[in-house]
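In: Here is a sequence together with a model predicted from it:
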There are 2 protein chains.
Amino acid sequence: MERTDDLGALVFRLGRRLLAMEQPILARHDLSMWAYAVLTALSDSPMRTQAALAASIGADKTRLIPVLDELQRRGLIDREPDPADRRVRLLGVTAEGRRVHGSIQAEIRAGEDEILAAVPAEDREAFLRTVAALAPR
Amino acid sequence: MERTDDLGALVFRLGRRLLAMEQPILARHDLSMWAYAVLTALSDSPMRTQAALAASIGADKTRLIPVLDELQRRGLIDREPDPADRRVRLLGVTAEGRRVHGSIQAEIRAGEDEILAAVPAEDREAFLRTVAALAPR
DNA sequence: TATTGTTATACTCTATAACTATA
DNA sequence: TATAGTTATAGAGTATAACAATA
């Protein structure tokens, strides 16, 4: 298949399109993209350190701190010192956090489905399979 | 197909992976990603205004100026006032600019092929077709 | 008065390094 | 002395608004 545009440029533009779709949804729930990423990661499984969480979502540990402060303040995550080693913070999502995450994710999935509706079902399957295979982590 | 990760997150991560692959290539040629994007756009077709160029690559017109200054200084682009309307700058790529762009693009394509080699040929075709269809512009 | 390009400025995002508290 | 987390700071990237030149 002869390619006219670089794959990087295409992926970059698609990423921007998806972000533009997500932005109003996140804004409505008053959450940043990173806050949503944290909720996604912690909904998947709790973590024992902030550094591990940062690594798992590809963020710097220092720029996660205000995000965690805010999520904790709003009661969306649990964050408490490990009694066994009080340097580390045990992290998890609260029931309310899981609820908020679920409702945002449902809206985002609907937006994605709308975008994906433009391509034939077979291509869509192969596309999703391939993106998942090529994306790190 | 049930999706575990959000499509946005997958595309974001793949974009970062592609950028990481491209970065050393661009650095070797001492060009920024935006400079390369400008060369790509102008290689495709010359443009009559900087604003049109900025819009075509999804950049702000003000942040393109230092990029154009540098590309012009290095003789990779032509940039001259239109005699018919001296407010506008006619933009085009020079022979040297086309040569540089071609050699960078070849390296980037090779890197992309290496990444794409991990997926079966049928999926690859559908994937490329779909990314191109979903990416704006 | 409107438009193109430019400059100056401010703002956001991000990373680096220094600091604290625990071990 | 090493590690987890935090704070302070600086740097890059980006956008906003004011400005100059031309129409």
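Out: Perfect, I can see it now.
In: quick one, helices of chain A?
Out: In chain A, the helices defined using DSSP state H lie at A:7-28, A:33-44, A:50-56, A:61-73, A:95-116, A:121-134.
In: Can you check which of those gets nearest to B:G97?
Out: B:G97 lies closest to helix A:7-28 among these, at 17.6 Å (Cβ to Cβ). (Each C-beta comes from the backbone N, C-alpha and C, glycine too.)
In: pLDDT of the closest one, averaged?
Out: For helix A:7-28, the mean pLDDT works out to 95.
In: Establish whether it and DNA strand D are in contact.
Out: No - on the criterion Cβ under 7 Å from any atom of the strand, helix A:7-28 is out of touch with DNA strand D, staying 10.0 Å away.
In: Name the stretch among the helices of chain A that sits most buried.
Out: helix A:33-44 (a mean of 21; mean count of other Cβ atoms under 10 Å in any protein chain shown).
In: ok, is the longest strand anywhere in chain A in contact with chain B or not?
Out: Taking DSSP state E as the criterion, chain A has its longest strand at strand A:85-93. No - using Cβ under 8 Å from any Cβ of the partner chain, strand A:85-93 never reaches chain B; the gap is at least 15.9 Å.
In: Which one of the helices of chain A lies nearest to DNA strand C?
Out: helix A:61-73 (3.7 Å; Cβ to the nearest atom of the strand).
In: which residues sit in contact with the residue positioned nearest the centre of chain A?
Out: With distances taken as Cα atoms, centre = their mean, A:A37 lies nearest the centre of chain A, 2.9 Å away. Contacts for A:A37 (Cβ atoms under 8 Å, 6 or more residues apart in numbering or on different chains) come out as A:57, A:59, B:9.
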